[in-house]
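In: Provided below for reference: sequence and predicted model.
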Amino acid sequence: MVTKHFQELQQRELRAEREDVMKLKRIASSVAKMVREFWSNIEKVRVLLQSCFIQTTLKPNVVLISISSEAF
């Protein structure tokens, strides 16, 4: 009877520890997902800024080159 009581206590403690570990894993997983989404969004902004930079710096030069080659 007494041993059964202590075994149940030990099992409860083990179960509580496992639940705590699983809870921490879920939290870590959700944080990792948020970090991945953040960097994905940063990558989208980088691509957008790069394309804007290319459009503002290179397109006027391309237009000038095509105009000057048509003049000859």
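Out: Cool, got the structure. Residues are numbered from 1 along each chain as shown.
In: quick one: low-confidence parts of the protein?
Out: Applying pLDDT under 70 to the chain flags residues 58-72.
In: which stretches of it form helices?
Out: Here the chain has its helices, by DSSP state H, at 2-71.
In: quick one: the residue sitting nearest the centre point of it from residue 22, how far?
Out: The chain has residue 36 as the residue nearest its centroid, 0.9 Å off, counting by CA atoms, centre = their mean. Counting by CB to CB, to the nearest Å, the separation of residue 36 from residue 22 is 21 Å. No exception for glycine: its C-beta is placed from N, CA and C like everyone else's.
In: same thing with residue 47?
Out: Per CB to CB, residue 47 is found 38 Å from residue 22.
In: Ok, residue 3 next?
Out: For residue 3, the distance to residue 22 - CB to CB - is 28 Å.
In: quick one, which of the two is more surrounded?
Out: Between residue 3 and residue 22, counted using other CB atoms under 10 Å, residue 22 has the larger neighbour count: 10 against 7.
In: So that one versus residue 29, what's the distance?
Out: From residue 22 to residue 29 the distance is 10 Å (CB to CB).
In: and if you look at residue 42?
Out: From residue 42 across to residue 29, the span is 21 Å (CB to CB).
In: Please apply the same query to residue 57.
Out: Distance, residue 57 to residue 29, using CB to CB: 42 Å.
In: Okay then, goodbye and thanks.
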